[in-house]
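Student: Structure for this input, please:
(chains A and B)
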Amino acid sequence: DTAVSQTPKYLVTQMGNDKSIKCEQNLGHDTMYWYKQDSKKFLKIMFSYNNKELIINETVPNRFSPKSPDKAHLNLHINSLELGDSAVYFCASSHFSMKRINSPLHFGNGTRLTVT
Amino acid sequence: GNSVTQMEGPVTLSEEAFLTINCTYTATGYPSLFWYVQYPGEGLQLLLKATKADDKGSNKGFEATYRKETTSFHLEKGSVQVSDSAVYFCALSDRGSGGYQKVTFGTGTKLQVIP
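Tutor: Just a heads-up that it's a prediction; the model follows:
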């Protein structure tokens, strides 16, 4: 029943390691996003894909590489993890329409990444 | 670029008190406006939205009116409950480069309701 699901829920790793977070949505949406939420709850868009095509790519270090194998999946791979990467990462999805900009985002429950 | 400014929290209220969380925005186009709520350990959920000036969004006793003249979208509830304790995010949606929807979030306001 889960609409947007992320795995894992928690990720603890050491500096320098490489890790991946997976996201899947079963809402039939064609647009998916990665957001980063810091310890003060500030949300920052990282990437967005529409039908497997990258459409938003904010100023994110190139250690972060998203991959969308199909429109229901959006994964995030992070190389050479740093302490500052510790945060909660949220996947979200929405329906895209060229006519409207009022489609709400549907969020997963987040992946808490801790880099030690 | 677009921006959303919310009142700083945390906001602490007694049960049944009146709630207002202020939100103002800056946008070049004609955005849609949203309030999202985040309960502890969960992702954000849509609370309500408004798509044009003077629209009022409402849900679960919460209301917000899209005020174009003051560029505001303040969240209100007449009588809060302990279960309303959460972080509330104001957001706007506009068209980004390439015509795609781009959502900008405020910094969030933590609400704590005490019995």
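Student: so residue 11 bridges to which residues?
Tutor: Looking at chain A here, since you left the chain open. residue A:113 (DSSP bridges).
Student: The intended chain is chain B.
Tutor: Using DSSP bridges, the beta-bridge partners of residue B:11 come out as residue B:111.
Student: neighbours around it, how many?
Tutor: 17 (other CB atoms under 10 Å in any protein chain shown). All C-beta spots, glycine's among them, are computed from the backbone N, C-alpha and C.
Student: Relative to residue A:52, how far out is it?
Tutor: Distance of residue B:11 to residue A:52, computed by CB to CB, to the nearest Å: 41 Å.
Student: Run a quick neighbour tally on the nearest residue to residue A:70 once chain neighbours are set aside.
Tutor: Nearest residue to residue A:70, sequence neighbours excluded (CB to CB, 6 or more residues apart in numbering or on different chains): residue A:52, at 6.4 Å. Per other CB under 10 Å, the neighbour tally for residue A:52 reads 15.
Student: Same question for residue A:9.
Tutor: What residue A:9 shows, counting by other CB under 10 Å, is a neighbour count of 12.
Student: how much space between it and residue A:113?
Tutor: Noted for residue A:9: a distance of 11 Å to residue A:113, by CB to CB.
Student: got any residues that touch both of these two?
Tutor: Here residue A:9 and residue A:113 have no joint contacts, going by CB atoms under 8 Å, 6 or more residues apart in numbering or on different chains.
Student: who does the helix or strand bottoming out on mean pLDDT in chain A pair up with?
Tutor: Lowest on mean pLDDT, DSSP states H and E among the helices and strands of chain A sits strand A:53-57, with a mean of 85. Strand pairing for strand A:53-57, using DSSP bridges, gives strand A:43-50 (antiparallel).
Student: Would you pull up how far the helix or strand that residue B:64 is a member of lies from the middle of the chain?
Tutor: Element membership for residue B:64 (DSSP states H and E) is strand B:62-65. Computed by CA atoms, centre = their mean, to the nearest Å, the separation of strand B:62-65 from the middle of its chain amounts to 8 Å.
Student: swap in stretch B:5-17?
Tutor: How far stretch B:5-17 lies from its chain's middle: 12 Å, per CA atoms, centre = their mean.
Student: Sounds good, over and out.
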